[in-house]
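K.L.:
Pasted the sequence and its predicted model underneath.
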Amino acid sequence: MKHLKGKAAVITGAASGFGLELARLAAAEGMQVVLADIEAQALARAEAEISALGAQTLAFRLDVSKGAEVQALADATLARFGVPGLVFNNAGVGAGGLVWENTEADWHWLLGVNLMGVAHGVRIFTPLMLEAARLDPAYEGHIVNTASMAGMQSAPTLGLYNTSKFAVVGLTETLHHDLALVTGQVSASVLCPALVNTGIGRSERNREGAPAGDSALTASQRAGRQLTEQGMAMSQVSAADVAGQVMQAVREQRFYIFTHPGALLNVRTRADDILQGRQPSDPFADLPGVTDYLKAQLRRQ
Ligand SMILES: NC(=O)c1ccc[n+]([C@@H]2O[C@H](COP(=O)([O-])OP(=O)(O)OC[C@H]3O[C@@H](n4cnc5c(N)ncnc54)[C@H](O)[C@@H]3O)[C@@H](O)[C@H]2O)c1
């Protein structure tokens, strides 16, 4: 998608992390920016910052896991700016722990945001974009769904999150093929970052009725959280770097957006495991000590 200026970008999860950085870049491109998020105060701060950059903005508070609220976001966007050129289905939350330890409420919450949030965005915005394409041969639209390297490899103690992100990769690859059947004017990308320092480690802040404090966590959830925090603190890639790569991929109409090239080696290993009928390799094999640390934490109970 070459021409961004003057078009609207809808961004879910726009109040923090990748979403906020995408909003900053969309404003710099001269786009109208629709900031959508569940966290009211952070959203108000983000909107103030983006409008101070000179962009026309619309701030919309919603829970992306609720289809009616995503529909209301689309209605408000249409009323204010018309059909958007860019849609970033980006809002997401994290949770960890041995996969059998997540509760039914954990599954509903995380799949609601990470998977259904993206599904609602796709099913509600895509028809609007296709109709705009039908009416105007010059219209171009692009959808970016945020998955993760967790949608490409199955690291231990992240089963719930991995499940949601594998689903987003599958959904978005299919979206790409489905769009290609019906139009050349609307396209899609999937964003797959590895660990980056954002607010994702504090996802419970946006969870209604979340169990309070670390004492509610199981040993595996505590160990997983510690590893995630260490990984984020050590990450050489910033949220701004990720957003920059996303905008570049949008311009190039590139489907896969991988922000951590080193992490791709695990994708090859996984494909080789499948093709050669091997047991799944340890995704932490190239991170010395991580698996031993987890075993030590979990076997001493
Ligand atoms: N940070 C990483 O290491 C990393 C790596 C891979 C993928 N991701 C993905 O990137 C996306 C953005 O996360 P981030 O890292 O910027 O984290 P973040 O916490 O900084 O930002 C996520 C935003 O989503 C919002 N949000 C949460 N639940 C919501 C809901 N139900 N409805 C609407 N908004 C909601 C939050 O308020 C927050 O502003 C997520 O999909 C995440 O899974 C993050």
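P.N.:
Everything's here; your move.

K.L.:
For the stretch 201-301 of the chain, which segments are assigned as helices?
P.N.:
Counting by DSSP state H, counting those that start in this stretch, the stretch 201-301 of the chain has helices at residues 219-234, 239-252, 265-276, 290-299.

K.L.:
now these as CSV including distance to residue 195?
P.N.:
C-beta: built from backbone N, CA, C; applies to glycine. Output for the helices of the stretch 201-301 of the chain, formatted as CSV (distance: least, CB to CB, whole Å):
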stretch, distance to residue 195
helix 219-234, 4
helix 239-252, 11
helix 265-276, 13
helix 290-299, 12
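
K.L.:
Give me whichever of these is most buried.
P.N.:
helix 239-252 (a mean of 19; mean count of other CB atoms under 10 Å).

K.L.:
What helices and strands are in contact with it?
P.N.:
When contacts are defined as 3 or more CB pairs under 8 Å, 6 or more residues apart in numbering; DSSP states H and E, helix 239-252 sits against helix 17-28, strand 141-146, strand 186-192, strand 256-258.

K.L.:
swap the cut-off to 6 Å and go again
P.N.:
Taking 3 or more CB pairs under 6 Å, 6 or more residues apart in numbering; DSSP states H and E as contact, the helices and strands that helix 239-252 lies on are helix 17-28.

K.L.:
Flag every buried residue along the helix it packs on.
P.N.:
Applying a neighbour-count criterion of 16 or more other CB atoms under 10 Å, one finds 17-27 buried in helix 17-28.

K.L.:
export that helix as PDB, just CAs?
P.N.:
As requested, C-alpha coordinates have been extracted for helix 17-28 and formatted as PDB (Å, rounded to 0.1, in the frame of the first residue of the first chain):
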ATOM      1  CA  GLY A  17       3.400  -0.700  23.300                       C
ATOM      2  CA  PHE A  18       3.200  -1.500  19.600                       C
ATOM      3  CA  GLY A  19      -0.200   0.100  19.200                       C
ATOM      4  CA  LEU A  20       1.000   3.500  20.500                       C
ATOM      5  CA  GLU A  21       4.100   3.400  18.300                       C
ATOM      6  CA  LEU A  22       2.000   2.600  15.300                       C
ATOM      7  CA  ALA A  23      -0.300   5.600  16.100                       C
ATOM      8  CA  ARG A  24       2.800   7.800  16.300                       C
ATOM      9  CA  LEU A  25       3.900   6.600  12.800                       C
ATOM     10  CA  ALA A  26       0.500   6.800  11.300                       C
ATOM     11  CA  ALA A  27       0.300  10.500  12.500                       C
ATOM     12  CA  ALA A  28       3.700  11.100  11.000                       C
END
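
K.L.:
can you state the direction angle for that helix and strand 186-192?
P.N.:
140 degrees (axes from the mean of the first three to the mean of the last three CA atoms, to 10 degrees).

K.L.:
what mean pLDDT does helix 17-28 have?
P.N.:
pLDDT averaged over helix 17-28 equals 98, rounded to a whole number.

K.L.:
what's in contact with that helix?
P.N.:
Defining contact as CB atoms under 6 Å, 6 or more residues apart in numbering, one finds that helix 17-28 is touched by 9, 11, 13-14, 33, 35, 46, 50, 53, 55, 88, 90, 198-199, 239-240, 242-243, 247.

K.L.:
hmm, that helix in reach of the ligand?
P.N.:
Yes - between helix 17-28 and the ligand, judged by CB under 6 Å from any ligand atom, the touching residues are 17-19.

K.L.:
So which bits of the stretch 51-200 of the chain are right by the ligand?
P.N.:
Residues of the stretch 51-200 of the chain lying close to the ligand (CB under 6 Å from any ligand atom) are 62-65, 90-93, 113, 146, 148, 193, 195-196, 198-200.

K.L.:
Apart from its chain neighbours, what residue comes closest to residue 142?
P.N.:
Nearest residue to residue 142 in three dimensions, chain neighbours excluded: residue 1, at 4.6 Å (CB to CB, 6 or more residues apart in numbering).

K.L.:
what do you get for residue 74?
P.N.:
Leaving aside its sequence neighbours, residue 74 is closest to residue 124 (5.0 Å, by CB to CB, 6+ apart).

K.L.:
Contact residues of the stretch 201-301 of the chain facing the ligand?
P.N.:
Counting by CB under 6 Å from any ligand atom, the residues of the stretch 201-301 of the chain near the ligand are 203, 206.

K.L.:
Would you mark the buried spots in stretch 192-205?
P.N.:
Quick answer for stretch 192-205 (16+ other CB under 10 Å): 192-201, 203-204.

K.L.:
Okay, and which of the residues you listed map to strands?
P.N.:
Among the buried residues of stretch 192-205, the residues falling in strands (DSSP state E) are residue 192.

K.L.:
got the contact list for residue 115?
P.N.:
If you count contacts by CB under 6 Å, 6+ apart, residue 115 has them with 164, 167.
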